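J.: got a predicted structure here, sequence first:
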Amino acid sequence: MTPLVLAIQATGDGGGLALARGGVLLASTPLPGGARSAQQLLPELARWLDAGASAAPHGPIGLVAVDVGPGGYTATRIGVMAAKAVAYAARAALAGVQGVAALAWSARQAMPGQSSTDFPCVAVARISRRDEIYWAVYACDAPPAPVEMEPLAVLTPDEAASRLAALAARHSRVHVAGDAAAPHGELWRNAVIRNANVAFLPELAVPPAEAIAYLGALRQLSGETDDPLILQPLFPRRAGDGGWRTQPVI
């Protein structure tokens, strides 16, 4: 039987939990935005488990998928810690998913009627620290999963504007997802003012939990699950500032 997937997304302003099997969403619940998101994750997760959300009629949890970041420092650590604990208790597999990839997948799913030529790529921009941007670009024209075009990087808003302008010059259509588009949208729109082929997706500010479930299940199908003793949240730094960094959570 296709395993039941519990997905945990708690990397920043808002998040959620989801149950899915075989790409079908069975249940979901949002977490409140702001600082309360991380505070509410563990009580809400406990409520789900106590209420039997993982039991009949859905069956036992076979995989725990978790957004490993990048995202808020405290919230991301809490989410990964919770996923490890549930996976251990349920004797389930564990799969970490980068939230930027989940946002790219969600952007493509939000527009199923568009052809691959109309939907060549998604730029994902998430809020980082010190007025910086987590930035990545994915090709979304060939399912089942987004393909990385520009690797995850930490940029200034001006650097992201330049990257977006370059994308708009090369591609017939560029979609922009992520919570960084709200505070920096005016700057980025000015950078691509002569290109009508850039579309902002304000409804996709944070990765949906169901996207974490879907991409986590794909990782499991590919035999790419994670060791709970090794999996850590992801906190990239700017080039020349120590590079990638993972933060122990236990």
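T.: Nice, I can see it. On a predicted model such as this, the values are computed, not experimentally measured, just so you know.
J.: chain center to stretch 189-201: distance?
T.: Counting by CA atoms, centre = their mean, to the nearest Å, stretch 189-201 is centred 23 Å from the centre of its parent chain.
J.: I meant stretch 169-184, not that one.
T.: 16 Å.
J.: from the contact counts, what lies against the helix or strand bottoming out on mean pLDDT in the chain?
T.: Least confident helix or strand of the chain, by mean pLDDT, DSSP states H and E, is helix 36-50 with a mean of 78. If contacts are counted by 3 or more CB pairs under 8 Å, 6 or more residues apart in numbering; DSSP states H and E, helix 36-50 sits against strand 4-12, strand 14-21, strand 24-31, helix 73-90. All C-beta spots, glycine's among them, are computed from the backbone N, C-alpha and C.
J.: report all helices and strands that the longest one contacts.
T.: Okay, so that is helix 73-90. Under the contact rule (3+ CB pairs under 8 Å, 6+ apart), helix 73-90 is packed against strand 4-12, helix 36-50, strand 61-69, strand 93-98.
J.: sheet partners, orientation included, of the host helix or strand of His175?
T.: Here His175 sits within strand 174-177, counting by DSSP states H and E. Using DSSP bridges, the strands paired with strand 174-177 in its sheet are strand 121-127 (parallel), strand 198-200 (parallel).
J.: tilt between the first one and strand 93-98?
T.: Here strand 121-127 points in a direction 90 degrees away from that of strand 93-98 (axes from the mean of the first three to the mean of the last three CA atoms, to 10 degrees).
J.: buried ones in strand 121-127?
T.: For strand 121-127, the neighbour count (16 or more other CB atoms under 10 Å) marks 121-127 as buried.
J.: domains of the chain?
T.: 4-99+206-221, 100-200 (automatic domain parsing).
J.: point out the most buried one among those domains.
T.: Comparing these by mean neighbour count (mean count of other CB atoms under 10 Å), domain 4-99+206-221 ranks first with a mean of 21.
J.: ends of it, how far apart?
T.: 13 Å (CA to CA, to the nearest Å).
J.: now swap in stretch 65-79 and tell me
T.: End-to-end span of stretch 65-79 (CA to CA): 10 Å.
J.: pLDDT averaged over that stretch, what's the number?
T.: For stretch 65-79, mean pLDDT is 92.
J.: chain center to it: distance?
T.: 10 Å.
J.: and stretch 174-186, by the same measure?
T.: That offset, for stretch 174-186, works out to 15 Å (CA atoms, centre = their mean).
J.: what about it, average pLDDT?
T.: pLDDT averaged over stretch 174-186 gives 91.
J.: just want the most central residue of this structure.
T.: Gly99 (1.8 Å; CA atoms, centre = their mean).
J.: I'd say it and Arg126 touch.
T.: Yes. Using CB atoms under 8 Å, Gly99 is in contact with Arg126, at 7.1 Å.
J.: appreciated, that's everything.
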